[in-house]
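Q: sequence unknown, structure follows:
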């Protein structure tokens, strides 16, 4: 656990530092009165590196550990039904995304992703809430 946190902190330090440098250079190009931009870009890189070092475990390691701990507490049937509901929801989203992609430009790039999120969530929620009906559908009573 400690080594994973350290590895992701270093990855965050490097990636946020690079992003801070380039973001600082882009912002400084909007201000024409500053002639020497390098010190400000390096300062933005240092701020970005500090933010990456501090925030990266909270973005990566801790949510994954929380999800892993939660999934170990959930029993098998609800997990299976939620997986089945997710697959059905994603299939419906894939079928709905094709015609949605022919809409005009801002909608054609945003709405397919929104459809995936919406139908995936609805599939999981429906399968969990209706698992007794799904159980009657899957199991035959003699």
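A: Here it is on my side, so go on. Note that the structure is a prediction, hence the values are computed from the model and not measured.

Q: Domain map for this protein?
A: 2-64, 74-138 (automatic domain parsing).

Q: Next, format those domains as TSV and append mean pLDDT.
A: Output for the domains of the chain, formatted as TSV (pLDDT from 0 to 100):
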stretch	mean pLDDT
domain 2-64	87
domain 74-138	88
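
Q: Could you dump these into a markdown table with mean neighbour count added?
A: No exception for glycine: its C-beta is placed from N, CA and C like everyone else's. Formatted as a markdown table, those follow (neighbours: other Cβ atoms under 10 Å):
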| stretch | mean neighbour count |
| --- | --- |
| domain 2-64 | 15 |
| domain 74-138 | 14 |
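
Q: now the helices for this structure?
A: 2-28, 38-59, 61-73, 76-100, 105-129, 131-138 (DSSP state H).

Q: contacting residues around residue 100?
A: Residues in contact with residue 100 (Cβ atoms under 8 Å, 6 or more residues apart in numbering) are 107, 108, 111, 112, 115.

Q: Adding distance to residue 15 as columns, could you present the residues you listed in TSV?
A: What follows is these, written out as TSV (distance: Cβ to Cβ, whole Å):
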residue	distance to residue 15
107	31
108	30
111	30
112	27
115	30
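
Q: closest to residue 19 among the residues you listed?
A: Nearest to residue 19 among the contacts of residue 100, counting by Cβ to Cβ, is residue 112 at 26.8 Å.

Q: so that closest one touches residue 97, yeah?
A: Yes. Residue 112 is in contact with residue 97 according to Cβ atoms under 8 Å; the separation is 3.9 Å.

Q: tell me, what's touching these two both at once?
A: Residues touching both residue 112 and residue 97 (Cβ under 8 Å, 6+ apart): none.

Q: Give me the distance between the residue lying closest to residue 84 once chain neighbours are set aside and residue 80.
A: Leaving aside its chain neighbours, residue 84 sits nearest to residue 127 (5.7 Å; criterion: Cβ to Cβ, 6 or more residues apart in numbering). Per Cβ to Cβ, to the nearest Å, residue 127 is found 9 Å from residue 80.

Q: Quickly note the distance from residue 41 to residue 6.
A: As judged by Cβ to Cβ, residue 41 and residue 6 stand 27 Å apart.
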